[in-house]
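Novice: I'll drop the sequence and a predicted model, then ask my questions.
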Amino acid sequence: AQSVTQLGSHVSVSEGALVLLRCNYSSSVPPYLFWYVQYPNQGLQLLLKYTSAATLVKGINGFEAEFKKSETSFHLTKPSAHMSDAAEYFCAVSTGFQKLVFGTGTRLLVSP
Amino acid sequence: NAGVTQTPKFQVLKTGQSMTLQCAQDMNHEYMSWYRQDPGMGLRLIHYSVGAGITDQGEVPNGYNVSRSTTEDFPLRLLSAAPSQTSVYFCASSQQGRNEKLFFGSGTQLSVL
C-alpha cells in the first residue's frame, strides 16, 4: 500500500530563515506526490505536485520540492520564510483517481 | 468563481440524528470526493465518485452514504450520527486524471454530542 510519512508535527522558524518540511513515501510503483497547504479555517490548496517530468518541482509562493528516489523522499523547502507562510502543510500520494493518502501534517510556525 | 461550495459550515447533532452535508462544484469536474480531517491523522477518504451515477468507498466509509445524480452535486449523508463522526469534512473535485490537483471546499465542522 502506498503511504507518506511526515516527520515533525510542528516546525518553528524565524522570518527569513530556510523552511524545510520533510516527507517520505512508500510506494511499489512510481508515485504521484503532492504538497498541499491549509491556512486557518480554510480548505486545502495545492502547492506543487510531482509527476515524474522533473525531480525538482517548483510551486506557488516560492516553495519547491525535490523527488529523491534513492531516499524515498519529497521534502518541501523555501529559502526564506515569510509570516504569511504560517499554515499546516500536508504531503500526499495518489493511489488512484480522486484517491489521495495524506500524511498527518506539519504545522509551520513563523516568528518575527 | 464559486469553485467548490460546502454547506453548512458548522453543525451540531445529537447521537442518532441524521443529516446531509451538501457539496456543489461549478467547474464541470467529473471527479468528486469526501474527506474527513481529524487532529493528528491528516485527511482520510470517505467516498468518491468518478462521474454521475458512479460512487465507491474510500478508506473510512462506515456510517456514511453518498449518491451522485448530477455532475455538480455530491452530498454526504450521515445515517445515524455517532460521537466518532465529530470531525471536519471536506469535499473536493478535480478533472480526470490520477495526478490532477484537487480543489477543496472550505469545510464543514461537525460536532456530535
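Specialist: All right, it came through fine.

Novice: so what's the closest residue to chain A within chain B up against?
Specialist: Proximity of chain B to chain A (Cβ to the nearest Cβ) peaks at B:Phe104, 3.3 Å away. The C-beta positions use only the backbone N, C-alpha and C, and glycine is treated the same way. Listed by Cβ atoms under 8 Å, 6 or more residues apart in numbering or on different chains, the contact partners of B:Phe104 are A:43-45, B:4, B:90-92.

Novice: bridging residues for it?
Specialist: B:Ala92 (DSSP bridges).

Novice: and the pLDDT at it?
Specialist: Looking at B:Phe104, its pLDDT stands at 94.

Novice: count of neighbours near the nearest residue to A:Tyr50 once chain neighbours are set aside?
Specialist: Nearest residue to A:Tyr50, sequence neighbours excluded (Cβ to Cβ, 6 or more residues apart in numbering or on different chains): A:Leu33, at 4.3 Å. Applying other Cβ atoms under 10 Å in any protein chain shown, we find 25 residues neighbouring A:Leu33.

Novice: for A:Ser94, see how far away A:Leu33 is.
Specialist: 8 Å (Cβ to Cβ, to the nearest Å).

Novice: SS state for the residue nearest to the spatial centre of chain A?
Specialist: Centroid-nearest residue in chain A: A:Trp35, 3.7 Å away (criterion: Cα atoms, centre = their mean). Using DSSP: H, G, I helix; E, B strand; the rest coil, the structure places A:Trp35 in strand.

Novice: these two touch, right, it and A:Lys58?
Specialist: No: between A:Trp35 and A:Lys58 there is no contact under Cβ atoms under 8 Å: 11.5 Å.

Novice: so what sits against both of the two?
Specialist: In contact with both A:Trp35 and A:Lys58: A:Leu48, using Cβ under 8 Å, 6+ apart.

Novice: please, where are all the strands along chain B?
Specialist: Here chain B has its strands, by DSSP state E, at B:4-7, B:10-13, B:19-25, B:31-38, B:42-51, B:54-57, B:64-66, B:76-78, B:87-94, B:103-104, B:108-112.

Novice: and what of chain A?
Specialist: All strands of chain A, identified by DSSP E, fall at A:3-7, A:10-14, A:19-26, A:33-38, A:44-50, A:56-58, A:64-68, A:73-78, A:87-96, A:99-102, A:106-111.
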